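In: Got a predicted structure plus its sequence, pasted below:
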Amino acid sequence: MTTAPWHHDRFAAMGTMVSLGVQLADDAWPAALAAAKAAFEELEARFSLYRPESELSHIADGSLTLPAASDELRDAYALAVRWRNETGGAFTPDRPDGVLDLNGVVKALAIEQVGAVIRAAGARNFSVNAGGDILYGGVDAAGEPWTTGITDPLDPDVLLTSVELFGEHRAIATSGFSERGQHIWLHGAGTGSFGLGDFSQVTVMATDIVAADALATAILAASDGRPAAFADLAGPHGAEVLAVTPDGAVYATPGIRSQITADS
């Protein structure tokens, strides 16, 4: 039996770069890649607030109401509301200016859809990386468990540590200010305020990419003066967290803490 080769590709979507690494038969790869690109484009066309013709932009400008929106948009809104409820409002689909912004779940949904496309094509070993939010399947090209590096928010050119996915964890997401600036509204620092809260970067390892992305955003936004309280959000979902404060202190849940080397 011939082992399927690994294929790699990169393309721009949702304001970032998407990288694919997939072990798949040569004849199945072109269609899988095309479907992956289409999944990102379809969601971006519907949800981007930078595209005035998008469905979400029509809701923002008042020309479309949420009850009259597509099932896809209302489902994404319901998912975001669910995460708002599960994080005590730290994750929210509503900006302080009242605009509905579903960016917090849409990229993760795109990654999730691409994972489904790849699995449907017959791949079991793969990675889908969209701007550092990553969904993994199976094992890497060496047949080993997937390992990912986490950058130092004080110096993005330096690797803070690397972690190996274990158990049921198949996704990892990072939210922070080092690359995109202060783009998160802080939940506990006054209504509608930007700024640094308890953490400058949060990485979450979870069973699925939507949970990882939502929890990373929520923990970064949940500025309440109790850095160790991130476990209150992560614990119920079986997630692992590594969070870095603005002065460089590192907090981690046990599964990740056991992997941090002494020289990290």
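Out: That came in fine, so what should we check first? Residues are numbered from 1 along each chain as shown.
In: Quickly find the element holding Gly248.
Out: Per DSSP states H and E: Gly248 is located in neither a helix nor a strand.
In: which residues touch the residue nearest the centre of the chain?
Out: In the chain, the C-alpha nearest the mean C-alpha coordinate belongs to Asp213, at 3.4 Å (C-alpha atoms, centre = their mean). Going by C-beta atoms under 8 Å, 6 or more residues apart in numbering, Asp213 touches 104-105, 107-108, 133, 173, 175, 204. In short, each C-beta sits where N, CA and C put it, glycine included.
In: Mark which of those are part of strands, please.
Out: 133, 173, 175, 204 (DSSP state E).
In: how about the nearest residue to the first one, chain neighbours excluded?
Out: The shortest distance from Asp133 to any residue that is not its chain neighbour, by C-beta to C-beta, 6 or more residues apart in numbering, is 4.2 Å, and that residue is Ala173.
In: need the contact list for that neighbour.
Out: 108, 132-134, 203-204, 206, 209, 212-213, 215-216.
In: Likewise for Ala116?
Out: No contacts exist for Ala116 under C-beta under 8 Å, 6+ apart.
In: where does it land in three-state SS?
Out: For Ala116, the assignment made with DSSP: H, G, I helix; E, B strand; the rest coil gives helix.
In: lowest average confidence, helix or strand, in the protein?
Out: helix 230-234 (a mean of 81; mean pLDDT, DSSP states H and E).
In: same for that one, what does it pack against?
Out: helix 209-221, strand 240-244 (3 or more C-beta pairs under 8 Å, 6 or more residues apart in numbering; DSSP states H and E).
In: any idea of the mean pLDDT for stretch 155-173?
Out: Stretch 155-173 shows an average pLDDT of 92 in the prediction.
In: what's the first-to-last distance across it?
Out: Stretch 155-173 has an end-to-end distance of 18 Å (C-alpha to C-alpha, to the nearest Å).
In: Over to stretch 212-231?
Out: 14 Å.
In: same question, stretch 159-175
Out: 16 Å.
In: which of the contacts of Asp213 are buried?
Out: Among these, the ones that count as buried by 16 or more other C-beta atoms under 10 Å are 104-105, 107-108, 133, 173, 175, 204.
In: does Asp155 have beta-bridge partners, and which?
Out: Asp152 (DSSP bridges).
In: separation between it and Phe177?
Out: Here Asp155 is placed at a distance of 13 Å from Phe177 (C-beta to C-beta, to the nearest Å).
In: Among those two, which residue is more densely surrounded?
Out: Phe177 (19 against 11; other C-beta atoms under 10 Å).
In: what's the closest residue in space to the more buried one that isn't next to it in sequence in contact with, if anything?
Out: Spatially, and ignoring its direct neighbours in sequence, Phe177 is nearest to Ser200 (5.4 Å; C-beta to C-beta, 6+ apart). For Ser200, the contact set (C-beta under 8 Å, 6+ apart) comprises 153-154, 176-178, 244-246.
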